[in-house]
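Engineer: give me a model of this one.
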Amino acid sequence: MAAFIAKQMMGNQLSAVKEISVGDNLSAEEKERLAQLEQERLEALKEQEERRKEKHRKMEEEREKVRKGIRDKVIT
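Structural biologist: Sure, this is the predicted structure:
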């Protein structure tokens, strides 16, 4: 669900960027807007990566608990 929302947010921003032709002379306002959109995109990617790492860290903790339980059963 979160991935869908992130994709929707990013898709809208990328559409706005695609509307502006790169070859044209951009005004200062347009350049600022593009820079802001790029910054938002990078922040969203960073946040997404942090969420992914946290999710995997939690999964690994759970797996280690299961492994420890199995080891304890085998040892005793």
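Engineer: what's the longest helix along the chain packed up against?
Structural biologist: Counting by DSSP state H, the longest helix found in the chain is helix 28-75. Packing contacts for helix 28-75, counted by 3 or more Cβ pairs under 8 Å, 6 or more residues apart in numbering; DSSP states H and E, involve helix 2-19. Yep, even glycine has a C-beta here, placed from its N, CA and C like the rest.
Engineer: now the helix it packs on: mean pLDDT?
Structural biologist: Per-region confidence: helix 2-19 scores 66 on mean pLDDT.
Engineer: same deal with stretch 64-76?
Structural biologist: Rounded mean pLDDT across stretch 64-76 is 91.
Engineer: centroid residue for this protein?
Structural biologist: Geometric centre of the chain, nearest residue: Gln48, 2.2 Å, by Cα atoms, centre = their mean.
Engineer: how close does that residue get to Arg33?
Structural biologist: Look at Gln48 and Arg33: by Cβ to Cβ, to the nearest Å, they are 22 Å apart.
Engineer: one more: Lys7?
Structural biologist: For Lys7, the distance to Arg33 equals 21 Å [Cβ to Cβ].
Engineer: give the buried residues for stretch 66-74.
Structural biologist: Of all the residues in stretch 66-74, not one is buried under the rule 16 or more other Cβ atoms under 10 Å.
Engineer: how far out from the middle of the chain is that stretch?
Structural biologist: The chain centre lies 35 Å from the centre of stretch 66-74; the measure is Cα atoms, centre = their mean, to the nearest Å.
Engineer: repeat for stretch 53-68
Structural biologist: 21 Å.
Engineer: next one: stretch 45-57
Structural biologist: On Cα atoms, centre = their mean, the centre of stretch 45-57 falls 7 Å from the chain's centre.
Engineer: taking the mean pLDDT, what do you get for that stretch?
Structural biologist: 97.
Engineer: can I get it in CSV, CA atoms only?
Structural biologist: Extracted in CSV, the C-alpha atoms of stretch 45-57 (Å, rounded to 0.1, in the frame of the first residue of the first chain):
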residue,chain,number,x,y,z
LEU,A,45,13.7,7.9,-2.1
LYS,A,46,15.7,8.2,1.1
GLU,A,47,12.6,7.8,3.2
GLN,A,48,11.6,4.8,1.3
GLU,A,49,15.0,3.2,1.7
GLU,A,50,15.0,3.9,5.4
ARG,A,51,11.6,2.2,5.7
ARG,A,52,12.9,-0.8,3.7
LYS,A,53,15.9,-1.1,6.0
GLU,A,54,13.8,-0.9,9.1
LYS,A,55,11.4,-3.6,7.8
HIS,A,56,14.3,-5.9,7.0
ARG,A,57,15.9,-5.3,10.3
